[in-house]
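Engineer: Quick one: sequence and predicted model below, then my questions.
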Protein chains: 2
Amino acid sequence: MGPATHYFQFDEEFPMYRGGILPCLQLAWESWGELNETQSNAVLVFTGLSPSAHVASSERDPEPGWWERMIGPGKPIDTNRFFVLCVNSLGSCHGSTGPASIHPRTGKPWRLSFPELSIDDIAISTRLVVEHLGIKTLHAVVGPSMGGLTAMAWVKHFPNSTERLALISTACSATPMAVAIRSLQREAIVTDRNFREGNYSEDEWPEVGMRIARKLGMISYRSATEWQQRFGRKHQDYFPATLFGMRYQVESYLETHARKFVGQFDPCCYLYLSRATDAFDACDTDRGLRALFKRSFTGKALVLGVDTDFLFPLYQQQELASALEAVEADVHFEALPSVQGHDAFLVDSDRFGTPIGEWLR
Amino acid sequence: MGPATHYFQFDEEFPMYRGGILPCLQLAWESWGELNETQSNAVLVFTGLSPSAHVASSERDPEPGWWERMIGPGKPIDTNRFFVLCVNSLGSCHGSTGPASIHPRTGKPWRLSFPELSIDDIAISTRLVVEHLGIKTLHAVVGPSMGGLTAMAWVKHFPNSTERLALISTACSATPMAVAIRSLQREAIVTDRNFREGNYSEDEWPEVGMRIARKLGMISYRSATEWQQRFGRKHQDYFPATLFGMRYQVESYLETHARKFVGQFDPCCYLYLSRATDAFDACDTDRGLRALFKRSFTGKALVLGVDTDFLFPLYQQQELASALEAVEADVHFEALPSVQGHDAFLVDSDRFGTPIGEWLR
């Protein structure tokens, strides 16, 4: 949360998609550019599993955002033309209500007493902010990674409420390999001696589990090809050697990412968002993905993917594009040749910027 | 260890490749078929990281081995023709000396006081058994997975001591992705609360770490394609649900493998063998892999790999084949179309049997 973060308070009960009720909620959001008079130039960006609503810097908050090169004046998502909105996902810990928030009645963090989170809840709660801003129809919904699942939940719950839909490095549901990786990340966290069924303290943080989860995450986010080019078998001397570890550069790279992550993300929020990602399935309706799009979205679509993506492999984006084509949406599909795997949309954003910018022009 | 296991005792000091000395050692081995009068029909099989010397069943031990369909009368490695030998790797815990063995002077397990293990030590110690059996020249050395590294260490230390060399789903060194995965497995074990710097007890076993290591291993051994075909998004009801887990079949599959492994393999042995696998590098000599083969092996070679192998990707087998071709070895290279990833050599052994059988005929 930074100086540009707004907080939307919703003081009514919020029924969760899979049962349970939040007595009230708060959503952190940021925006860039100006909403026009007819409220017709809004672009809603959904995030991946862990980022905040700080997609890009602004005058009020010069800190670079997680998609800094994508959003701004003259950038692919051009804030001279568009009002860009991003809401921190419900269930996350960057200003929105989630398992790390204080329960209004007990005065303690929700932790495992938080009701089961669904990707649908993220979409439905985001709608509250969109309505609060007086926006009825969106110009575009842009969803990378888990944000692509949320974008599909959006069109499912609010049919024909966006003119355009961009699904980036995402899928209609997780592969069993992705489920295997995420369930193992969760196992590492809940088996950490400090997790204590969610009763961890600041002093005894489930750091070991979070570190393993983050390193396993990085293994799934990047590609073997990238690491071969970048690290090869080079040794590292940045961190001291550990018992059976810290010999190679790839290890110090993972260590750096793990150290950054451990202090930044709440373990319970991670568990809830991770499980929600596994459970979401836009293909499992009676009539499947095509029926969903036919009923809810036949506008202008963009589907992007990367050939080295291990977590959301390219054939999953091809499936999305095929389903959109089958319902005669105006779909542009591109397979981008990046070595940076699933994270390419974040780190190779120049390559993604061109098709996104052209699609919005 | 079973009724067909032999034990070779070496009562002299054994200097380890990277320093340190074993005061004596024991090696467990098995054989199939008969050694001919000229001792010219011996096939030496090296194992992957965790298997024992029990490659196949026999009259003395009817229990199926880890490469049951590959070795036996009329099978691809035909014991009507060949004397087949397999030695449990030094450093392992299936009858050979390793970190789980009792130190002859202290009367306690070696654990972390065991000297650093190198793949070279496995090759050099195996030579003791080969010499003990009176074999001077091998008909073939066959090395799948980590056993392929050991096979290369064999030719490096004992040039031109085998007529044939089969390198299967292996490489001259580990990729940074493989190092990332294995170093994370080791981190999960050493950070287990019960590991206690190697002083774990039978009652308080580092089970959590071993389970995570094994599950992560399975993720690297199989392929996303196989799991998509086999499990899809099917739910499981074999194990009770856990906190944030055990919802999908892929999870119960990993759980089954983890439970089997935890009781079977010693944590320290796993750590030593895993680190040795990362550290081995047959490409890092002054003149590289070609120089190694030119000096040590220019006979009849077989190189096999699988297009879905994540741990030892196919381009690594292509590198081995190219280096062998460059030194004018008689090399047959085949890329097998299996969905079963690195483990294909074990589980899809019919597919591997054909080229291995033809190559030996």
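Structural biologist: Received it, and whenever you're ready, just let me know what you need.
Engineer: Next, the residue nearest in space to the middle of chain A: secondary structure please.
Structural biologist: The residue lying closest to the centre of chain A (Cα atoms, centre = their mean) is residue A:48, at 1.2 Å. Classification of residue A:48 by DSSP: H, G, I helix; E, B strand; the rest coil places it in coil.
Engineer: Please report how far it lies from residue A:337.
Structural biologist: The gap separating residue A:48 from residue A:337 is 21 Å, by Cβ to Cβ, to the nearest Å. Where you see a C-beta, it was placed from the backbone N, CA and C, and this is true even at glycine.
Engineer: Those residues of the stretch 251-361 of chain A touching chain B, which are they?
Structural biologist: Proximity of the stretch 251-361 of chain A to chain B, by Cβ under 8 Å from any Cβ of the partner chain, involves residues A:251, A:254, A:271, A:274, A:275, A:278, A:279, A:281, A:284, A:310, A:313.
Engineer: From those residues, list just the buried residues.
Structural biologist: A:251, A:254, A:271, A:274, A:275, A:278, A:279, A:281, A:310, A:313 (16 or more other Cβ atoms under 10 Å in any protein chain shown).
Engineer: I figured the third one was touching residue A:189, is that so?
Structural biologist: Yes: with contact defined as Cβ atoms under 8 Å, residue A:271 counts as touching residue A:189 (6.1 Å).
Engineer: sorry, back to before: pick out whichever of the residues of the stretch 251-361 of chain A next to chain B sits closest to residue A:197.
Structural biologist: Closest approach to residue A:197 among those (Cβ to Cβ): residue A:271, at 11.6 Å.
Engineer: residues contacting that closest one?
Structural biologist: Taking Cβ atoms under 8 Å, 6 or more residues apart in numbering or on different chains as the criterion, residue A:271 is in contact with A:99, A:186, A:189, A:190, B:244.
Engineer: Same check on residue A:155?
Structural biologist: A:141, A:161, A:162, A:165, A:292, A:293, A:296, A:297 are the contacts of residue A:155 under Cβ under 8 Å, 6+ apart.
Engineer: now the closest residue to the last one other than its chain neighbours, what's its secondary structure?
Structural biologist: The reference is to residue A:297. Using Cβ to Cβ, 6 or more residues apart in numbering or on different chains and skipping the chain neighbours, the partner closest in space to residue A:297 is residue A:155 (4.3 Å). What three-state DSSP gives for residue A:155 is helix.
Engineer: Now do the helices in the stretch 201-350 of chain A.
Structural biologist: For the stretch 201-350 of chain A, helices defined by DSSP state H, counting those that start in this stretch occupy the ranges A:207-221, A:224-230, A:249-262, A:267-279, A:288-296, A:314-326, A:344-347, A:349-360.
Engineer: on that earlier part again, distance of the residue nearest to the centre of chain A from residue A:277?
Structural biologist: Computed as Cβ to Cβ, the residue A:48 to residue A:277 distance reads 9 Å.
Engineer: Need the residues touching each of the two.
Structural biologist: With Cβ under 8 Å, 6+ apart, residue A:48 and residue A:277 have common neighbours residue A:146.
Engineer: Model confidence for residue A:279, exactly?
Structural biologist: On the pLDDT scale, residue A:279 is placed at 97.
Engineer: ok, it touching residue A:117?
Structural biologist: No: in this structure, residue A:279 is not within contact of residue A:117 by Cβ under 8 Å, at 9.1 Å.
Engineer: For the residue nearest to residue A:227 when sequence neighbours are not counted, which residues are in contact?
Structural biologist: Leaving aside its chain neighbours, residue A:227 sits nearest to residue B:176 (4.0 Å; criterion: Cβ to Cβ, 6+ apart). By Cβ under 8 Å, 6+ apart, the residues touching residue B:176 are A:224, A:227, A:228, A:230, A:231, A:232, A:233, A:248, A:249, A:250.
Engineer: Which members of these are classed as buried?
Structural biologist: Among the contacts of residue B:176, those classed as buried by 16+ other Cβ under 10 Å are A:224, A:227, A:228, A:231, A:233, A:248, A:249, A:250.
Engineer: so how far is chain B from residue A:104?
Structural biologist: Applying Cβ to the nearest Cβ, to the nearest Å, the value for residue A:104 to chain B is 25 Å.
Engineer: now swap in residue A:117 and tell me
Structural biologist: 11 Å.
Engineer: correct me, but that residue touches residue A:272?
Structural biologist: Yes: counting by Cβ under 8 Å, residue A:272 is a contact partner of residue A:117 at 4.4 Å.
Engineer: Contacts only, for the residue in chain A sticking out farthest from the centre.
Structural biologist: Each residue of chain A has a distance to the centre, and by Cα atoms, centre = their mean the biggest one is for residue A:243: 34.6 Å. Contacts for residue A:243 were tallied using Cβ under 8 Å, 6+ apart; they are B:112, B:190, B:197.
Engineer: if I look at the last one, how far off is residue A:244?
Structural biologist: Think residue B:197. Taken as Cβ to Cβ, the span from residue B:197 to residue A:244 is 11 Å.
Engineer: Pick out whichever of those two has more residues nearby.
Structural biologist: Neighbour count, other Cβ atoms under 10 Å in any protein chain shown: between residue B:197 and residue A:244, residue A:244 has more, with 21 against 9.
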